[in-house]
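J.: pasting the sequence and the predicted coordinates here, then a few questions.
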Amino acid sequence: MAESGDASSLEDFLSKVDKVQAAVHGLKTDQGDALEKADQLFEELQTDGSRTTASRTVINKQSAGRSGDDNDAPVPATMDAATFMKGMEQDAQERAQRRKQREAEAAIIKEKGNAAFKAGKLEEAHTLYSDALALHPSNTALLTNRALVALQLQRFSDAEQDCDLALRVDEHALKAWLRKGMACRALGKLEESMECLVHGCKLAKQADRPAFEKEILETDRVQKEAAVKKQAEAVLEAGNATAVKVQQESAKIANPDTPPAAIIRCAHTLNPLLREDAHKTIFCSEGGARILFNRPQCRSEPETLSALFQLYAPLCGHIAFTRTFLQNVTEARQLLCAVFNTVALAPCWRAGLAFLEAFCRCEDPHKLLVEKDSSVFQAVFSLLNNPASDGVREEVWSVLCVMTTEASARDFCAENFNEVVFPAVGPFLTLPLQNERESQLACAFLTHAAVSPRGRCVMCANSLLLARVTDLTKAMMTAERARGELVHSLMGFLTNLSLEQTALNHLQQAAPVPMLVQALTTPPDKTCERALALLARVLTSKDLLDAFMKERGLPKVLSMLRAPTAESAPTAAASVARILAKCAALSDVARADLAGSADTVRAIATAVKGATHGEAGNLALCLAYCLEAKGPEVAAALAQSDVVADLLHFLKSEDSSAAENCSIALARLAQNNPAHLSALRKQNGLEILQARMKK
């Protein structure tokens, strides 16, 4: 493509073409004035035709570069509209052919540019895209490709200009909106950057939106960083004593000539001062956050490392510190691995683990630190087998629990479970428990690791793990233990692990119903939510349901049906509906209890309103079994309710399982009470039922 001068001539040319097109359009309405104006503009366009690289159809044969006497004849100053249009038609085919040839040549050069870009030859790619654009200036793909190269070459103004040209050709060019937003951000035009990215995101299809959303977040971060930097500058200009002190101490700590002892003193001085965002920004602006990366001598002294980790921990989550850290993410990984793999640095492990946990609780930085790289996770995990870590074992578990929320850490666990993970975790699941707190943390760690289907499969193949978990579950079946943190974490692990049938079979053999019933509370909390999920999964046999009834589990579950859903346990309602459906379907005793209480069946019917499709399907199934047991009594108890309308709402949905259960319940209601039959007729329910039966 042409450089900035060519781009300017292209813009002038496009502007004149637009005027000609407008004048030609006027021929349809005002022949005289429009024709004269078109001739005048066209003469100007002929003069510029040989200078521009644009490919447009014109009638002037001399400007097209032809030779010969025929072309020397002067063009009449005026001509009628028919002659003008005929000339354009005669010339169009020849012009189109030449344009097609130039575009084909441009496409060949573009492919060469793509190959150079993939090979990392940015300057060569830039030149090739420019050459291609000289032949095909209006090609948006070439413009946005060259804009991308310009971005990587940090020629942000050039990138913005290319994107503007692309958008003049096609205002829906998504890559132009995206790359213009990136270029504007780099140029400090943050509001314009956000406008471009948000507009492009609105135009984009669902599959293309993540790229825009990522850049929108980045622009938002830069805006916030600029705001806090401005605030910090204002605080310093105002002569704030704390701000000035932070600036002075930060400059000292960042000075490469400052000895380690002085660094430690500065860190202790700064620690209580770095509480306000403005003060944290000043610290980072003075280079205080980079000392671990540009001062290698600090990495070998435990006392210095401890002081710096303690200083950095409260900074985690602050935008300026996070940006500095992630700009040096490779060095950060190397540093943390060296710290946790070196016994001589054991005195700073506690501070290092506290810093790492604080950092990993910041979602985006955490992802970037461990994404596709499990080296830091492996280094921390190795501490479990290191005798020198006895004093910081709980901190190790806490960090591992946070880090296993990322896929790379879970993948490591799945790949190395039998050889590395289980030998380290197994002792904390073995009775008698040596340290209940560490056992609880080990279960929490396994809960996260079992999120991965691959991890669950590996765990279920480990018979020793299943045996120890079964024994631990049996040991927790006492009222005083049922609400403890260990049981909470154990149930989390069992909830994930029991998604595999092998683990579910082992869990059912452990007969955990008493422990789970003891954990039920109203309103439900997180522990209760996990207990409900496990009950919904394990209650698959008459023996287990008999144990559930014996422990008075049904009244507890029904009390949650009547209570509003707690924000702390959003999935509790779904588990309650599943448990009630299983009770009605598999236990004669439970079915009789449910059907025998008018208040209970009304509560079940009321819960249908506002339920999800899955919940409604299970509640409808429960009602259907109650109607099978005591049809007239149950139907009469619901005669004044809106249950018919509520069930019909789900019957119309595409969820086949929920619709099928709702249709069974409706049919039995109509069969057992004329009021429900009448309600069905009024709402065209019979036709809907018949249509559903045909499916």
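T.: That came in fine, so what should we check first?

J.: please report phi then psi for the residue nearest the centre of the chain.
T.: By CA atoms, centre = their mean, the mean C-alpha position of the chain lies nearest to Pro210, the distance being 8.4 Å. Torsion angles at Pro210 (phi, psi; degrees, to the nearest 10) stand at phi -50, psi -40.

J.: can you pull the contacts of it?
T.: Pro210 is in contact with no residue at all, counting by CB atoms under 8 Å, 6 or more residues apart in numbering. Glycine gets a C-beta too; all of them are placed from N, C-alpha and C.

J.: make residue 1 into 7 and carry on from there
T.: All set: I'll call the first residue 7, so the last point we hit is now Pro216.

J.: quick one: the strands in the stretch 357-506 of the chain?
T.: Shown for the stretch 357-506 of the chain, no strands are assigned by DSSP state E, counting those that start in this stretch.

J.: what stretches of it score poorly on pLDDT?
T.: Along the stretch 357-506 of the chain, segments meeting pLDDT under 70 span 369-378, 483-489.

J.: likewise the chain?
T.: For the chain, applying pLDDT under 70 flags the ranges 7-87, 90, 92-94, 96, 369-378, 483-489, 568-575, 659-661, 698-701.

J.: neighbours around the nearest residue to Leu149 once chain neighbours are set aside, how many?
T.: In this structure, Leu149 finds its nearest non-sequential neighbour in Ala172, 3.9 Å apart by CB to CB, 6 or more residues apart in numbering. The tally of other residues near Ala172 (other CB atoms under 10 Å) stands at 26.

J.: buried ones in the helix or strand harbouring Ala172, by neighbour count?
T.: For Ala172, the host element (DSSP states H and E) is helix 162-175. Of the residues in helix 162-175, those buried by neighbour count under the rule 16 or more other CB atoms under 10 Å are Phe162, Asp164, Ala165, Glu166, Gln167, Asp168, Cys169, Asp170, Leu171, Ala172, Leu173, Arg174.

J.: nearest to Gln99, out of these: which one, please.
T.: Arg174 (26.8 Å; CB to CB).

J.: roughly how far does the closest one sit from Asp168?
T.: For Arg174, the distance to Asp168 (CB to CB, to the nearest Å) stands at 11 Å.

J.: secondary structure element holding Lys236?
T.: helix 215-243.

J.: what about that helix, distance to the chain center?
T.: Distance of helix 215-243 from its chain centroid, counting by CA atoms, centre = their mean, to the nearest Å, is 20 Å.

J.: now do the buried residues in it.
T.: Residues of helix 215-243 classed as buried: 215, 217-218, 221-222, 225, 228, 231, 234-235, 238, 241-242 (neighbour count, 16+ other CB under 10 Å).

J.: export these to JSON lines and tack on distance to Thr133?
T.: Formatted as JSON lines, those follow (distance: CB to CB, whole Å):
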{"residue": "Arg215", "distance to Thr133": "33"}
{"residue": "Ala217", "distance to Thr133": "27"}
{"residue": "Phe218", "distance to Thr133": "29"}
{"residue": "Glu221", "distance to Thr133": "27"}
{"residue": "Ile222", "distance to Thr133": "32"}
{"residue": "Thr225", "distance to Thr133": "30"}
{"residue": "Val228", "distance to Thr133": "31"}
{"residue": "Glu231", "distance to Thr133": "35"}
{"residue": "Val234", "distance to Thr133": "41"}
{"residue": "Lys235", "distance to Thr133": "38"}
{"residue": "Ala238", "distance to Thr133": "43"}
{"residue": "Val241", "distance to Thr133": "48"}
{"residue": "Leu242", "distance to Thr133": "46"}
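
J.: biggest separation within these, which pair?
T.: Farthest pair in the buried residues of helix 215-243, by CB to CB: Arg215 and Leu242, 40.2 Å.

J.: let me see the contact set for Leu435.
T.: Leu435 touches Ser445, Ala448, Cys449, Leu471, Arg474, Val475, Leu478, counting by CB under 8 Å, 6+ apart.

J.: looking at those residues, point me to the pair that's furthest apart.
T.: Between any two of the contacts of Leu435 (CB to CB), the greatest distance is 13.8 Å, for Ser445 and Leu471.

J.: surely Ser458 meets Phe418?
T.: No. Using CB atoms under 8 Å, Ser458 makes no contact with Phe418, being 10.3 Å away.

J.: which of the two has more residues huddled nearby?
T.: Comparing Ser458 with Phe418 by neighbour count (other CB under 10 Å), the higher total belongs to Phe418, at 23 against 19.

J.: chain neighbours aside, what residue packs nearest to the more buried one?
T.: Spatial nearest neighbour of Phe418, chain neighbours left out: Ser380 (4.2 Å); criterion: CB to CB, 6+ apart.

J.: I figured the one you found hits Ser414, correct?
T.: Yes. At 4.7 Å, Ser380 counts as touching Ser414 under the criterion of CB under 8 Å.

J.: still on that earlier bit, turn the buried residues of helix 162-175 into CSV, including distance to Lys116.
T.: Below are the buried residues of helix 162-175 laid out as CSV (distance: CB to CB, whole Å):
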residue, distance to Lys116
Phe162, 23
Asp164, 18
Ala165, 18
Glu166, 21
Gln167, 19
Asp168, 14
Cys169, 17
Asp170, 20
Leu171, 16
Ala172, 14
Leu173, 19
Arg174, 20
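
J.: from the residues you listed, which is closest to Cys632?
T.: After measuring the buried residues of helix 162-175 against Cys632 - CB to CB - the closest member comes out as Leu173, at 64.0 Å.

J.: so what's the closest one up against?
T.: Contacts of Leu173 (CB under 8 Å, 6+ apart): Ala179, Ala182, Trp183, Lys186.

J.: the same query, at a cut-off of 10 Å, please.
T.: Contact partners of Leu173, counting by CB atoms under 10 Å, 6 or more residues apart in numbering, are Thr146, Leu149, Thr150, Ala179, Ala182, Trp183, Lys186, Cys202.

J.: next: Ala350.
T.: Contacts of Ala350 (CB under 10 Å, 6+ apart): Ser306, Glu307, Pro308, Ala394.

J.: longest helix of this structure, counting residues only.
T.: The longest helix of the chain (DSSP state H) is helix 87-124.

J.: what are the buried residues along that helix?
T.: So, applying 16+ other CB under 10 Å, buried residues of helix 87-124: 90, 93, 97, 101, 108-109, 112, 115-116, 118-119, 122-123.

J.: thinking again about what came up before, what is in contact with Arg174 and Asp168 at once?
T.: Thr146, Leu149, Ala182.

J.: so which of the residues you listed is the most crowded?
T.: Leu149 (30 neighbours).
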